[in-house]
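Q: Sequence and predicted structure are below.
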Amino acid sequence: MNSSTHIIRIFDSAQTRLALPYPALCDVLVDMLQAHRTGRIIAPERMLVPIAAEGTLLLMPASDGHIAITKLVTVHPENRKEGLPTIQGEVIVMDATNGRRLGILDGITVTARRTAAVSALAARRLAPDPAGPLLIVGAGTQARAHLEAFREVLSVQQVFITSRTRENAEKLAVFARSLELRVQVLQHSESVLKDVTLIVTATNSASPVIGGELRSDAFVAAVGAFTPSMAELPADLVRRSRLFADSLEGVRAEAGDFIQAGIDWDRVRPLAEALEEQGPEEGPVIFKSVGHAMFDLAAARLAFSDGGH
């Protein structure tokens, strides 16, 4: 295709979603994690740039030598007062060999689906009992994505939902029923902690959202807290659990759940390493995810697996 006829593909949210089916995305993520571990992925730390109206611009580049991406995200907390989205973003995809732009993916959809796929991949490998039931704490975008991913990848059949806002939990329950899941909305999570083997915490809480004892075969994917001052999990649970992370460098810098617990970082295993070994026979197991540009790169690789034509 010559330069005069080259078409840049632009995916809206629905098209991005269709381009990233969870089972296939998990397979690409396995390859990406292994490539990153062996130094075949370039993905520097994300850059944060303060912008107007107390906003933040985040830039997250990555390349595998074949394609290159940059995810651009803006965060404007005050936008909600104007009825505008607080987070907006896109992933720009390029041919790494010549710089030709291949297309643009919806950044919010990419983030939701690749984060949920990483959690499902971790649960498939690390959860002592990955069949569920599943407890989801939170009812936002990540909660919805994880509900869908855990059903498609792990064949979860039963889910419990709890959220600070009952109305949001009920809306997520409607979506769960559309997936033919058995679902129950709870006021508090403590009543089912002895019944569930899978837990996803997807909130922006600065204090623990889980209390009480977990089963010895419980797996927790903690994806909500993303700064040192935030912690969805109680420190005593973190200290006595088997600990895994999507990336060690990111978790060391941002995972308040681990930082506030004062854990020995030698106890934390990266997911890429764990994929090559026998999973734990018992838990509790905590998988902490703060995100990484290599996961956006994996999504772009899948979406443009036909070469971008």
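A: Received the coordinates, thanks. Residues are numbered from 1 along each chain as shown.
Q: CA-only coordinates of stretch 241-252 in PDB, if you can.
A: C-alpha atoms of stretch 241-252 as PDB (Å, rounded to 0.1, in the frame of the first residue of the first chain):
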ATOM      1  CA  SER A 241      -0.800 -13.900  51.700                       C
ATOM      2  CA  ARG A 242       1.200 -15.100  48.700                       C
ATOM      3  CA  LEU A 243       1.900 -11.900  46.700                       C
ATOM      4  CA  PHE A 244       2.100 -11.400  43.000                       C
ATOM      5  CA  ALA A 245       2.300  -8.300  40.700                       C
ATOM      6  CA  ASP A 246       1.700  -7.400  37.100                       C
ATOM      7  CA  SER A 247       5.100  -5.600  37.200                       C
ATOM      8  CA  LEU A 248       7.500  -5.200  40.100                       C
ATOM      9  CA  GLU A 249       8.600  -1.700  39.200                       C
ATOM     10  CA  GLY A 250       5.100  -0.400  39.000                       C
ATOM     11  CA  VAL A 251       3.900  -2.000  42.200                       C
ATOM     12  CA  ARG A 252       6.900  -0.800  44.200                       C
END
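Q: Quick check: buried residues in that stretch?
A: Buried residues in stretch 241-252, counted by 16 or more other CB atoms under 10 Å: 241-248, 250-251. In short, each C-beta sits where N, CA and C put it, glycine included.
Q: just stretch 226-244 next, same as before
A: 230-235, 237-238, 241-244.
Q: What are the boundaries of the helices in the stretch 101-250 of the chain?
A: 107-126, 141-154, 166-178, 235-239, 248-254 (DSSP state H, counting those that start in this stretch).
Q: what separates residue 105 from residue 200, distance-wise?
A: For residue 105, the distance to residue 200 equals 24 Å [CB to CB, to the nearest Å].
Q: Check residue 230 too.
A: In terms of CB to CB, residue 230 sits 16 Å off from residue 200.
Q: Adding mean pLDDT, write the helices of the stretch 101-250 of the chain out as a markdown table.
A: Converted to a markdown table, those look like this (pLDDT from 0 to 100):
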| stretch | mean pLDDT |
| --- | --- |
| helix 107-126 | 96 |
| helix 141-154 | 96 |
| helix 166-178 | 96 |
| helix 235-239 | 94 |
| helix 248-254 | 90 |
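Q: quick revisit: out of the buried residues of stretch 241-252, which is nearest to residue 46?
A: residue 250 (8.9 Å; CB to CB).
Q: Strand partners (parallel or antiparallel) of the helix or strand containing residue 50?
A: Taking DSSP states H and E as the definition, residue 50 sits inside strand 47-51. Using DSSP bridges, strand 47-51 pairs in its sheet with strand 55-63 (antiparallel).
Q: Buried residues of the strand it pairs with, list them for me.
A: So strand 55-63, judged by 16+ other CB under 10 Å, has buried residues 57-58, 60-63.
Q: what residues does the following helix or strand past it touch?
A: Next in sequence after strand 55-63, counting helices and strands by DSSP H and E, comes strand 67-75. By CB atoms under 8 Å, 6 or more residues apart in numbering, the residues outside strand 67-75 that reach it are 51, 55-63, 86-96, 102, 107, 110-111, 293, 296-297, 300-301, 304.
Q: Over to stretch 44-56?
A: With CB under 8 Å, 6+ apart as the test, stretch 44-56 has contacts from 57-61, 74-78, 249, 293.
Q: Please identify which pair of those lies farthest apart.
A: With distances taken as CB to CB, the most widely separated pair in the contacts of stretch 44-56 is 78 and 249, at 30.8 Å.
Q: CA-only coordinates of stretch 23-42 in PDB, if you can.
A: What follows is stretch 23-42, C-alpha atoms only, in PDB (Å, rounded to 0.1, in the frame of the first residue of the first chain):
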ATOM      1  CA  PRO A  23      -9.500 -15.400  25.400                       C
ATOM      2  CA  ALA A  24      -7.300 -14.100  22.500                       C
ATOM      3  CA  LEU A  25      -6.100 -11.100  24.500                       C
ATOM      4  CA  CYS A  26      -5.000 -13.500  27.300                       C
ATOM      5  CA  ASP A  27      -2.900 -15.500  24.800                       C
ATOM      6  CA  VAL A  28      -1.200 -12.300  23.500                       C
ATOM      7  CA  LEU A  29      -0.600 -11.100  27.100                       C
ATOM      8  CA  VAL A  30       1.300 -14.400  27.800                       C
ATOM      9  CA  ASP A  31       3.600 -13.700  24.800                       C
ATOM     10  CA  MET A  32       4.000 -10.100  25.800                       C
ATOM     11  CA  LEU A  33       4.900 -10.900  29.400                       C
ATOM     12  CA  GLN A  34       7.500 -13.400  28.300                       C
ATOM     13  CA  ALA A  35       9.000 -10.900  25.800                       C
ATOM     14  CA  HIS A  36       9.200  -8.200  28.400                       C
ATOM     15  CA  ARG A  37      10.900 -10.500  30.800                       C
ATOM     16  CA  THR A  38      13.600 -11.400  28.200                       C
ATOM     17  CA  GLY A  39      14.200  -7.700  27.300                       C
ATOM     18  CA  ARG A  40      12.400  -7.700  23.900                       C
ATOM     19  CA  ILE A  41       9.900  -5.000  24.900                       C
ATOM     20  CA  ILE A  42      10.800  -1.400  25.400                       C
END
